[in-house]
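Colleague: Fold the stuff below for me.
(one chain, ligands or ions: 1)
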Amino acid sequence: MPKKDRQQLKVLFAASECAPFVKVGGLGDVIGSLPQALREQGVDARVVIPFYEVIDRMKFSFLPVMEFEVEFEGKYHPVKAHLSYHPDYPDFKIFLLENKDFLVKGGDIAFAGTQEEIRTYAFFSQAVVALVSHLAHWSLVTKKGESWVPDLIHCHDWHTGIIPQLIKTSYGLDPSFARIKVVFTVHNLSYQGISEPGLADALNDALKESPLVKWDLQDNNVDLLLQGILGSDMLTTVSPTYAKEILTPEFGEGLQEILKAREGRLKGILNGIDYQNWNPAKDERLYQNYQFESNGEVDNIQSVLRVRSENKKELQKRLGLPIDEKAFLLGFVSRLDGKQKGLDLLESLIQTFPPAAGETNVQLVILGTGEKEWEERLQRAGENKERVSVNIEFDSELARRMFSSCDVILMPSRFEPCGLPQMIGMRYGALPLVHAVGGLKDSVEHERDGFVFSTYTPEVFISAVKFAYQVFQNSSKWQKMMAAAMKKDFSWDRSAKEYVKAYEEVIG
Ligand code: GLC
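Modeller: Numbering: from 1, shown residues only. Predicted coordinates for the structure are as follows:
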């Protein structure tokens, strides 16, 4: 359907984070960019997140737009809704919900699934439903406010998993809910948000009567992710391969049979990255910028390489690594999650330094925070290794400098729903070296624009690194691969079109 002939779809994204306001992982990047890509497809997409304390009140502007009460644990709690706009896209609206008892903490470290977090997001979900109802009647309350009923709520991960049920069980409270559909996206099946038994009581009364909630409560808890999977009109995940993997016991986290039952309503749509934000030609935090140009026959990869070598030397200087533009520089940027990110493989790689079988000019930079055990283990492994730099911090500037100077970005993840660093790496000319799972498998082609290994063992991973090192010695092959990677298109456009199709299918 041509854009202008389509009646404008209204979609509300509900999530725990949205960059640049707040970001703990890749989810924040998606929520801060996919709605804009949808807007460019003619969809009126808006976002709602909690107004955590960590959100910088000075950096962005916020306009308080409405106040309402939310019933939770048998009491009424005040919620103030603020409106802001994405700093890079002035018409992209973000609602932030403020409440001093529930929506203060969060947004600074990765979620651990504690009961406190579960209460936070159960409350947030209830508040989102209240917001939807107030937006529908906004024009009655204030002359300035417009009335806005989303056709569809797009919920993300366990934090918002109960929203489909809340919408369905609240028809009686607000008739405008009856036609609202819900799409639920699983960004990571390994975080489910499993509550203690009292959660259903804390939410609204109708919810207790929901057959899905009753069924879930049989084992004495509510699994918020499972509620999202079961209660939504359509289910998506962030890559086609992960959509297949989660139907198997190896990746299904115990939900594979339930997911199989919903297979007909499950789609895998590969994420994109925001090409305006991730642009080596304009990124203000790089030592030096560069722009890849190609007309199909000739390209400027040599000049890209020259600038990247200057960046490499600056990075080595900053991190105290030996300054050597010819060094083969490996980078790893990630949340330190031991179950997912392949940290045991990375630790084995560090242990081979120095020097591994004659590769005397290999260097490794690690950047990330996360599980304490892994922060310490990686730090310990890197101690006294002249060519390894372990940085336990969340530093987006350093991350960007790594993408613009490392030769390779390592992603040995055991599983990876989509993964964004491999795409950012390719855009910046750093070739990804990845385990063949999920979105990594869908985005990297072995020896064309990166390196892919299939067996999850330290030996296979280390030999993949050695293989990449050999290719690096062959500069014409390396340059060809860099050009292929930098030419690849991971902009959101393609994914946004697939989401529009999915929304239209749901709305019928
Ligand atoms: C989660 C997944 C990651 C994905 C991101 C955004 O962080 O672990 O693979 O890229 O969500 O969808």
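Colleague: Tell me the confidence at the spatially closest residue to V307 that is not a sequence neighbour?
Modeller: Setting aside the residues directly before and after it, V307 is nearest to Y290 in space (CB to CB, 6 or more residues apart in numbering), at 4.0 Å. Yep, even glycine has a C-beta here, placed from its N, CA and C like the rest. pLDDT for Y290: 98.
Colleague: Also K4?
Modeller: K4 is assigned a pLDDT of 47 by the prediction.
Colleague: just the one 4 residues further on next, same as before
Modeller: Turning to Q8, the model gives it a pLDDT of 91.
Colleague: That one contacts R39, doesn't it?
Modeller: No. Counting by CB atoms under 8 Å, Q8 does not reach R39; the two are 10.2 Å apart.
Colleague: Could you check which of these two is surrounded by more residues?
Modeller: Using other CB atoms under 10 Å, the more surrounded residue of Q8 and R39 is R39, with 19 against 11.
Colleague: how much space between that one and V128?
Modeller: Separation of R39 from V128 (CB to CB, to the nearest Å): 20 Å.
Colleague: Which SSE is immediately downstream of the strand ranked longest in the chain?
Modeller: Determined from DSSP state E, the single longest strand within the chain is strand 75-86. Using DSSP states H and E, the helix or strand that follows strand 75-86 in sequence is strand 89-98.
Colleague: Low-confidence bits of the stretch 301-450 of the chain, can you list those?
Modeller: Within the stretch 301-450 of the chain, the segments meeting pLDDT under 70 span 354-359.
Colleague: how about the closest residue to the ligand within it, what does it touch?
Modeller: Per CB to the nearest ligand atom, C418 is where the stretch 301-450 of the chain lies closest to the ligand, at 3.4 Å. Neighbouring residues of C418 by CB atoms under 8 Å, 6 or more residues apart in numbering: G26, H187, V238, S239, Y242, L270, N271, G438, G439.
Colleague: For my notes, please list those residues in JSON lines and give secondary structure, distance to the ligand and neighbour count for each entry.
Modeller: Formatted as JSON lines, the contacts of C418 follow (DSSP: H, G, I helix; E, B strand; the rest coil; distance: CB to the nearest ligand atom, whole Å; neighbours: other CB atoms under 10 Å):
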{"residue": "G26", "secondary structure": "helix", "distance to the ligand": "3", "neighbour count": "24"}
{"residue": "H187", "secondary structure": "coil", "distance to the ligand": "3", "neighbour count": "21"}
{"residue": "V238", "secondary structure": "coil", "distance to the ligand": "4", "neighbour count": "27"}
{"residue": "S239", "secondary structure": "coil", "distance to the ligand": "8", "neighbour count": "23"}
{"residue": "Y242", "secondary structure": "helix", "distance to the ligand": "8", "neighbour count": "27"}
{"residue": "L270", "secondary structure": "coil", "distance to the ligand": "10", "neighbour count": "21"}
{"residue": "N271", "secondary structure": "coil", "distance to the ligand": "5", "neighbour count": "25"}
{"residue": "G438", "secondary structure": "helix", "distance to the ligand": "7", "neighbour count": "28"}
{"residue": "G439", "secondary structure": "helix", "distance to the ligand": "6", "neighbour count": "27"}
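Colleague: quick one: which of those residues is nearest Q351?
Modeller: G438 (26.5 Å; CB to CB).
Colleague: wait, doesn't that closest one sit right on G419?
Modeller: Yes. Using CB under 8 Å, G438 makes contact with G419 at a distance of 6.9 Å.
Colleague: any shared contact partners between the two?
Modeller: With CB under 8 Å, 6+ apart as the test, G438 and G419 both reach S413.
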